[in-house]
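> Give me a model of this one.
(one chain, ligands or ions: 1)
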Amino acid sequence: MRIVIKIGTSTITHPTGRLNIRQMEALCKVLSDLKNAGNEVILVSSGAIGMGVGKLRLGKKPVDVPTKQASAAVGQCELMYTYDKLFSEYRHTVAQILLTADDIADPARHENFQNTIQRLLELDAIPIINENDTVSVAEFGIGDNDTLSAIVATSVRADLLVLLSDIDGLFDGDPRKNPDAKLIDTVEKIDEHIISLGGGSGSNLGTGGMATKLRAAQMATAAGCEMVIANGQSPEVLYDVAAGKRVGTRFLAKRDEA
Ligand code: GLU
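As a prediction, this is how the structure comes out:
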(Lines give C-alpha, C1' and ligand atoms only; values in the text may rest on other atoms or scores of the structure.)
Protein backbone atom coordinates (compact mmCIF):
# COMPACT_ATOMS: atom_id res chain seq x y z
CA MET A 1 0.00 0.00 0.00
CA ARG A 2 1.07 3.56 -0.62
CA ILE A 3 0.29 5.38 2.63
CA VAL A 4 0.49 9.11 3.36
CA ILE A 5 0.61 9.85 7.09
CA LYS A 6 0.06 13.37 8.39
CA ILE A 7 1.30 14.08 11.85
CA GLY A 8 0.10 17.13 13.77
CA THR A 9 2.19 19.49 15.88
CA SER A 10 0.40 18.49 19.09
CA THR A 11 1.44 14.87 18.62
CA ILE A 12 5.19 15.44 18.30
CA THR A 13 5.72 18.47 20.53
CA HIS A 14 4.89 19.19 24.13
CA PRO A 15 2.71 22.29 24.78
CA THR A 16 6.04 24.08 25.47
CA GLY A 17 7.00 23.52 21.83
CA ARG A 18 9.89 21.24 22.80
CA LEU A 19 10.19 17.86 21.12
CA ASN A 20 8.05 15.04 22.50
CA ILE A 21 10.80 12.45 22.34
CA ARG A 22 8.68 9.48 23.39
CA GLN A 23 6.08 10.18 20.68
CA MET A 24 8.64 10.83 17.96
CA GLU A 25 10.53 7.63 18.76
CA ALA A 26 7.35 5.57 18.72
CA LEU A 27 6.19 7.16 15.45
CA CYS A 28 9.48 6.56 13.62
CA LYS A 29 9.60 2.97 14.87
CA VAL A 30 6.09 2.15 13.63
CA LEU A 31 6.60 3.88 10.27
CA SER A 32 9.88 2.03 9.78
CA ASP A 33 8.11 -1.23 10.50
CA LEU A 34 5.26 -0.47 8.11
CA LYS A 35 7.87 0.25 5.46
CA ASN A 36 9.76 -2.96 6.25
CA ALA A 37 6.47 -4.81 5.76
CA GLY A 38 6.43 -3.60 2.15
CA ASN A 39 4.33 -0.42 2.30
CA GLU A 40 5.40 2.84 0.70
CA VAL A 41 5.45 5.51 3.39
CA ILE A 42 5.18 9.27 2.84
CA LEU A 43 5.10 11.53 5.87
CA VAL A 44 3.55 15.00 5.98
CA SER A 45 4.88 16.48 9.18
CA SER A 46 3.82 19.62 10.96
CA GLY A 47 5.80 20.93 13.88
CA ALA A 48 8.26 23.35 12.28
CA ILE A 49 6.72 26.45 13.84
CA GLY A 50 6.00 24.66 17.12
CA MET A 51 9.56 23.40 17.45
CA GLY A 52 10.99 26.77 16.46
CA VAL A 53 8.92 28.32 19.25
CA GLY A 54 10.45 25.81 21.64
CA LYS A 55 14.02 26.18 20.43
CA LEU A 56 13.89 29.98 20.36
CA ARG A 57 12.20 29.91 23.78
CA LEU A 58 9.39 32.20 22.61
CA GLY A 59 6.90 30.70 25.07
CA LYS A 60 3.89 30.84 22.75
CA LYS A 61 3.07 30.71 19.05
CA PRO A 62 3.90 34.13 17.50
CA VAL A 63 1.15 36.07 15.77
CA ASP A 64 3.25 38.16 13.38
CA VAL A 65 4.30 36.62 10.08
CA PRO A 66 8.10 37.27 10.23
CA THR A 67 8.44 35.64 13.67
CA LYS A 68 6.27 32.71 12.56
CA GLN A 69 8.45 32.26 9.50
CA ALA A 70 11.65 32.62 11.53
CA SER A 71 10.32 29.98 13.94
CA ALA A 72 9.56 27.67 11.01
CA ALA A 73 13.09 28.13 9.65
CA VAL A 74 14.60 27.12 12.98
CA GLY A 75 12.08 24.38 13.70
CA GLN A 76 12.24 22.71 10.27
CA CYS A 77 15.96 21.99 10.83
CA GLU A 78 15.25 20.51 14.24
CA LEU A 79 12.40 18.45 12.81
CA MET A 80 14.45 16.95 9.98
CA TYR A 81 17.48 16.42 12.19
CA THR A 82 15.28 14.39 14.55
CA TYR A 83 13.61 12.36 11.77
CA ASP A 84 16.97 11.66 10.13
CA LYS A 85 18.44 10.50 13.43
CA LEU A 86 15.51 8.28 14.43
CA PHE A 87 14.82 6.73 11.00
CA SER A 88 18.57 6.05 10.61
CA GLU A 89 18.38 3.81 13.67
CA TYR A 90 16.08 1.58 11.59
CA ARG A 91 18.26 1.96 8.44
CA HIS A 92 15.82 4.20 6.59
CA THR A 93 16.70 7.26 4.54
CA VAL A 94 14.64 10.43 4.78
CA ALA A 95 14.15 13.12 2.15
CA GLN A 96 12.84 16.63 2.81
CA ILE A 97 10.31 18.24 0.44
CA LEU A 98 8.99 21.74 1.16
CA LEU A 99 6.03 22.88 -0.95
CA THR A 100 4.07 26.06 -1.55
CA ALA A 101 0.63 26.56 -3.10
CA ASP A 102 2.38 27.87 -6.25
CA ASP A 103 4.23 24.56 -6.66
CA ILE A 104 0.90 22.75 -6.77
CA ALA A 105 -0.83 25.31 -9.02
CA ASP A 106 1.97 25.38 -11.62
CA PRO A 107 1.62 22.24 -13.80
CA ALA A 108 5.35 21.92 -14.54
CA ARG A 109 6.37 22.29 -10.90
CA HIS A 110 3.61 19.94 -9.80
CA GLU A 111 4.83 17.33 -12.27
CA ASN A 112 8.40 17.75 -11.03
CA PHE A 113 7.18 17.15 -7.50
CA GLN A 114 5.33 14.00 -8.58
CA ASN A 115 8.39 12.71 -10.46
CA THR A 116 10.70 13.40 -7.54
CA ILE A 117 8.49 11.66 -5.04
CA GLN A 118 8.07 8.67 -7.34
CA ARG A 119 11.85 8.40 -7.71
CA LEU A 120 12.38 8.75 -3.96
CA LEU A 121 9.97 5.86 -3.35
CA GLU A 122 11.77 3.75 -5.96
CA LEU A 123 15.02 4.59 -4.16
CA ASP A 124 13.41 3.34 -0.95
CA ALA A 125 13.52 6.70 0.83
CA ILE A 126 10.85 8.17 3.11
CA PRO A 127 9.72 11.57 1.75
CA ILE A 128 8.94 13.99 4.57
CA ILE A 129 6.87 16.92 3.40
CA ASN A 130 5.90 20.24 4.94
CA GLU A 131 4.69 23.54 3.60
CA ASN A 132 7.58 25.89 2.87
CA ASP A 133 6.51 28.12 5.75
CA THR A 134 9.38 30.60 5.40
CA VAL A 135 8.04 31.86 2.06
CA SER A 136 4.33 30.97 2.26
CA VAL A 137 1.91 33.41 3.79
CA ALA A 138 -1.13 31.79 5.37
CA GLU A 139 -3.67 33.78 3.35
CA PHE A 140 -2.11 32.82 0.01
CA GLY A 141 -0.50 29.55 0.97
CA ILE A 142 -1.82 26.04 1.43
CA GLY A 143 -2.24 27.16 5.04
CA ASP A 144 -2.60 23.89 6.91
CA ASN A 145 -1.09 20.45 6.67
CA ASP A 146 -4.44 18.61 6.59
CA THR A 147 -5.05 20.20 3.19
CA LEU A 148 -1.40 19.70 2.18
CA SER A 149 -1.58 16.00 3.03
CA ALA A 150 -4.73 15.58 0.91
CA ILE A 151 -3.00 17.36 -1.99
CA VAL A 152 -0.01 15.03 -1.57
CA ALA A 153 -2.18 11.89 -1.28
CA THR A 154 -4.10 12.71 -4.45
CA SER A 155 -0.95 13.79 -6.36
CA VAL A 156 0.80 10.49 -5.63
CA ARG A 157 -2.37 8.38 -5.96
CA ALA A 158 -2.05 7.01 -2.44
CA ASP A 159 -4.25 4.15 -1.29
CA LEU A 160 -4.63 5.55 2.20
CA LEU A 161 -4.25 8.91 3.95
CA VAL A 162 -4.00 8.87 7.75
CA LEU A 163 -4.32 12.06 9.78
CA LEU A 164 -2.81 11.52 13.21
CA SER A 165 -4.15 14.12 15.57
CA ASP A 166 -4.87 14.80 19.25
CA ILE A 167 -8.45 13.60 18.85
CA ASP A 168 -9.80 10.06 18.37
CA GLY A 169 -11.73 10.90 15.20
CA LEU A 170 -14.98 12.58 14.19
CA PHE A 171 -17.67 12.70 16.87
CA ASP A 172 -21.39 13.33 16.54
CA GLY A 173 -20.97 16.22 19.02
CA ASP A 174 -18.07 18.12 20.61
CA PRO A 175 -16.35 15.60 22.94
CA ARG A 176 -14.59 18.44 24.78
CA LYS A 177 -17.97 19.83 25.85
CA ASN A 178 -20.31 16.87 25.63
CA PRO A 179 -19.17 13.63 27.32
CA ASP A 180 -21.97 11.72 25.56
CA ALA A 181 -20.64 12.56 22.09
CA LYS A 182 -20.00 9.35 20.16
CA LEU A 183 -17.19 8.51 17.76
CA ILE A 184 -18.33 7.93 14.18
CA ASP A 185 -16.32 4.93 12.98
CA THR A 186 -17.19 5.00 9.28
CA VAL A 187 -18.27 7.81 6.98
CA GLU A 188 -19.58 6.61 3.63
CA LYS A 189 -20.55 10.02 2.28
CA ILE A 190 -19.42 13.47 3.38
CA ASP A 191 -22.77 15.24 3.34
CA GLU A 192 -23.92 18.50 4.93
CA HIS A 193 -24.57 16.81 8.27
CA ILE A 194 -20.99 15.50 8.42
CA ILE A 195 -19.60 18.91 7.41
CA SER A 196 -21.65 20.54 10.18
CA LEU A 197 -19.77 18.43 12.73
CA GLY A 198 -16.47 20.23 11.95
CA GLY A 199 -15.37 23.00 14.33
CA GLY A 200 -12.38 25.36 14.63
CA SER A 201 -8.74 24.72 15.50
CA GLY A 202 -8.26 22.69 18.70
CA SER A 203 -4.76 23.10 20.03
CA ASN A 204 -2.33 25.83 20.90
CA LEU A 205 0.57 25.24 18.47
CA GLY A 206 -1.11 23.53 15.49
CA THR A 207 -3.12 25.09 12.69
CA GLY A 208 -5.91 22.77 11.56
CA GLY A 209 -9.07 21.53 13.27
CA MET A 210 -11.91 19.22 12.30
CA ALA A 211 -13.05 21.53 9.48
CA THR A 212 -9.71 21.25 7.62
CA LYS A 213 -9.74 17.48 8.21
CA LEU A 214 -13.17 17.15 6.64
CA ARG A 215 -12.03 19.20 3.65
CA ALA A 216 -9.03 16.88 3.35
CA ALA A 217 -11.41 13.90 3.48
CA GLN A 218 -13.51 15.38 0.67
CA MET A 219 -10.44 15.83 -1.54
CA ALA A 220 -8.92 12.43 -0.79
CA THR A 221 -12.08 10.33 -1.08
CA ALA A 222 -13.14 12.09 -4.30
CA ALA A 223 -9.81 10.96 -5.80
CA GLY A 224 -10.36 7.37 -4.66
CA CYS A 225 -8.11 7.50 -1.59
CA GLU A 226 -9.45 6.28 1.74
CA MET A 227 -8.80 8.53 4.75
CA VAL A 228 -8.62 7.80 8.47
CA ILE A 229 -8.50 10.27 11.37
CA ALA A 230 -6.94 8.63 14.42
CA ASN A 231 -5.36 9.66 17.70
CA GLY A 232 -1.59 9.99 17.38
CA GLN A 233 -0.99 9.72 21.14
CA SER A 234 -0.26 6.08 20.48
CA PRO A 235 1.40 5.83 17.04
CA GLU A 236 1.01 2.00 17.22
CA VAL A 237 -2.59 2.72 16.16
CA LEU A 238 -1.15 2.90 12.62
CA TYR A 239 -0.80 -0.90 12.55
CA ASP A 240 -4.55 -1.30 12.99
CA VAL A 241 -5.33 1.54 10.58
CA ALA A 242 -3.15 -0.02 7.87
CA ALA A 243 -4.77 -3.41 8.49
CA GLY A 244 -8.20 -1.87 7.89
CA LYS A 245 -9.33 -2.45 11.48
CA ARG A 246 -11.98 -0.32 13.11
CA VAL A 247 -10.09 2.55 14.74
CA GLY A 248 -10.69 6.29 14.60
CA THR A 249 -12.94 7.51 11.78
CA ARG A 250 -12.56 5.98 8.33
CA PHE A 251 -13.85 7.91 5.29
CA LEU A 252 -14.54 5.49 2.46
CA ALA A 253 -13.26 6.38 -1.00
CA LYS A 254 -15.76 7.24 -3.70
CA ARG A 255 -15.94 4.20 -5.90
CA ASP A 256 -17.06 5.81 -9.16
CA GLU A 257 -13.92 7.95 -9.58
CA ALA A 258 -10.29 7.01 -10.23
N1 GLU B 1 3.49 23.93 8.46
C2 GLU B 1 3.21 24.17 9.85
C3 GLU B 1 4.39 23.76 10.71
O4 GLU B 1 5.19 22.92 10.34
C5 GLU B 1 2.04 23.39 10.35
C6 GLU B 1 0.75 23.61 9.69
C7 GLU B 1 -0.35 22.78 10.35
O8 GLU B 1 -0.20 22.41 11.53
O9 GLU B 1 -1.34 22.47 9.71
O10 GLU B 1 4.52 24.25 11.81
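> Next one: the residue nearest to Val187 when sequence neighbours are not counted from Asn39, what distance?
For Val187, the nearest residue in space outside its immediate sequence neighbours is Phe251; the separation is 4.7 Å by C-beta to C-beta, 6 or more residues apart in numbering. The C-beta positions use only the backbone N, C-alpha and C, and glycine is treated the same way. Applying C-beta to C-beta, to the nearest Å, one obtains 19 Å for the distance of Phe251 from Asn39.
> Which of these two has more residues huddled nearby?
For Phe251 versus Asn39, the count of surrounding residues by other C-beta atoms under 10 Å is larger for Phe251: 27 against 16.
> can you pull the pLDDT of that one?
We note a pLDDT of 98 for Phe251 in this prediction.
> swap in Ser201?
46.
> Let me know the distance separating Ile97 from the ligand.
For Ile97, the distance to the ligand under the criterion C-beta to the nearest ligand atom, to the nearest Å works out to 13 Å.
> excluding its backbone neighbours, what's nearest that residue?
Nearest non-adjacent residue to Ile97, counting by C-beta to C-beta, 6+ apart: Ile129, 4.6 Å away.
> is it fair to say that neighbour lies in a helix?
No: in this structure, Ile129 is strand, not part of a helix, as judged by DSSP: H, G, I helix; E, B strand; the rest coil.
> wait, it sits on Leu148?
Yes: because the distance of 7.0 Å satisfies C-beta atoms under 8 Å, Ile129 is recorded as touching Leu148.
> Neighbour count for the two, which is higher?
For the pair Ile129 and Leu148, the greater number of neighbours falls to Leu148 (26 against 23), based on other C-beta under 10 Å.
> How about residues contacting whatever helix or strand the more buried one lives in?
Using DSSP states H and E, the element containing Leu148 is helix 145-155. Helix 145-155 has contacts (C-beta atoms under 8 Å, 6 or more residues apart in numbering) with 4, 6, 8, 42, 44-46, 99, 104, 110, 113-114, 117, 129-131, 142, 158, 161, 163, 207-208, 212-213, 215-217, 219-220, 223, 225, 227.
> where along the stretch 51-200 of the chain do the helices fall?
Ranges of helices within the stretch 51-200 of the chain are 65-89, 101-105, 107-122, 145-155, 192-196, based on DSSP state H, counting those that start in this stretch.
> and the ligand, which of the ones you listed is closest to it?
Distances from the ligand to each of the helices of the stretch 51-200 of the chain were compared using C-beta to the nearest ligand atom; the minimum, 3.5 Å, belongs to helix 145-155.
> now the residue sitting furthest away from the middle of the chain, nearest residue through space, not along the chain?
Computed with C-alpha atoms, centre = their mean, the maximum C-alpha offset from the centroid of the chain is found at Asp180, amounting to 27.9 Å. Of all residues beyond its chain neighbours, the one nearest Asp180 is Gly173 (7.0 Å), with distances taken as C-beta to C-beta, 6+ apart.
> For the one you found, give its distance to the ligand.
Computed with C-beta to the nearest ligand atom, the distance linking Gly173 and the ligand is 24 Å.
> and if you look at Asn39?
Separation of Asn39 from the ligand (C-beta to the nearest ligand atom): 24 Å.
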